[in-house]
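J.: Pasting the sequence and the predicted model now:
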Amino acid sequence: MKLLFCCMGNICRSPMAEGLFRHLAENAGFGDVVFVDSAGTHANFPDAPPDPRAQKAMAELGIDISGQRARAVRRADFERFDLVLAMDGHNFDTLRYICPKQHVHKIVRMLDYAPRLGTRSLPDPFHADDAAFIEVREMLEAATAGLLEALRPNLAAG
């Protein structure tokens, strides 16, 4: 199973989602059957590491995302990945616009895996303070846990 997490710049939300899901999958024993990556719809910071505030928020959970590097979504990603997870409505619409029609069904909203949050759009913390990164991390914790549960039967089948 191959998952691509997407936000705008690929330095805040999507690297956090990538790190969280990888951590959950490995701890659940699925590290060898799932591949995760992240990318940005506008990737204005090519090859940049995640925002230091995102790294700090993840480090508080013992998850190191410092080795990740920002990149732009490529058309080939839609063929390569089984699911493309958009962080907000703008990312969702942009992904659907650039995606080849035969792969549009692979694009889903990340927060659809955390319906109890009552929103489908993860706020962009880039122009906010450290507390916004913690809020986003907490929302992503709920969503990645929901995603893992939804995928568990497929992952267990190997």
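T.: Nice, thanks for sending it over.
J.: Tabulate the CA atom coordinates of the helix or strand harbouring His90 in PDB.
T.: For His90, the enclosing helix or strand under DSSP states H and E is helix 89-98. Backbone C-alpha positions of helix 89-98 (Å, rounded to 0.1, in the frame of the first residue of the first chain) are rendered in PDB as follows:
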ATOM      1  CA  GLY A  89     -10.300  21.700   0.400                       C
ATOM      2  CA  HIS A  90      -7.900  23.800  -1.600                       C
ATOM      3  CA  ASN A  91      -5.400  21.000  -1.800                       C
ATOM      4  CA  PHE A  92      -8.200  18.600  -2.700                       C
ATOM      5  CA  ASP A  93      -9.400  20.700  -5.500                       C
ATOM      6  CA  THR A  94      -5.900  21.400  -6.800                       C
ATOM      7  CA  LEU A  95      -5.000  17.700  -6.800                       C
ATOM      8  CA  ARG A  96      -8.200  16.800  -8.600                       C
ATOM      9  CA  TYR A  97      -7.400  19.400 -11.200                       C
ATOM     10  CA  ILE A  98      -3.900  18.100 -12.000                       C
END
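J.: in that helix, what counts as buried?
T.: Using 16 or more other C-beta atoms under 10 Å as the test for burial, helix 89-98 gives Asn91, Phe92, Thr94, Leu95. In this view, the C-beta of every residue, glycine as well, is placed from N, C-alpha and C.
J.: Spatially nearest residue to the third one (excluding sequence neighbours)?
T.: Once flanking residues are discounted, Thr94 sits nearest to Thr41: 4.3 Å by C-beta to C-beta, 6 or more residues apart in numbering.
J.: Return the distance of the one you found relative to Ala86.
T.: As judged by C-beta to C-beta, to the nearest Å, Thr41 and Ala86 stand 8 Å apart.
J.: Give the intersection of the neighbour lists for those two.
T.: Cys6, Cys7, Leu95 (C-beta atoms under 8 Å, 6 or more residues apart in numbering).
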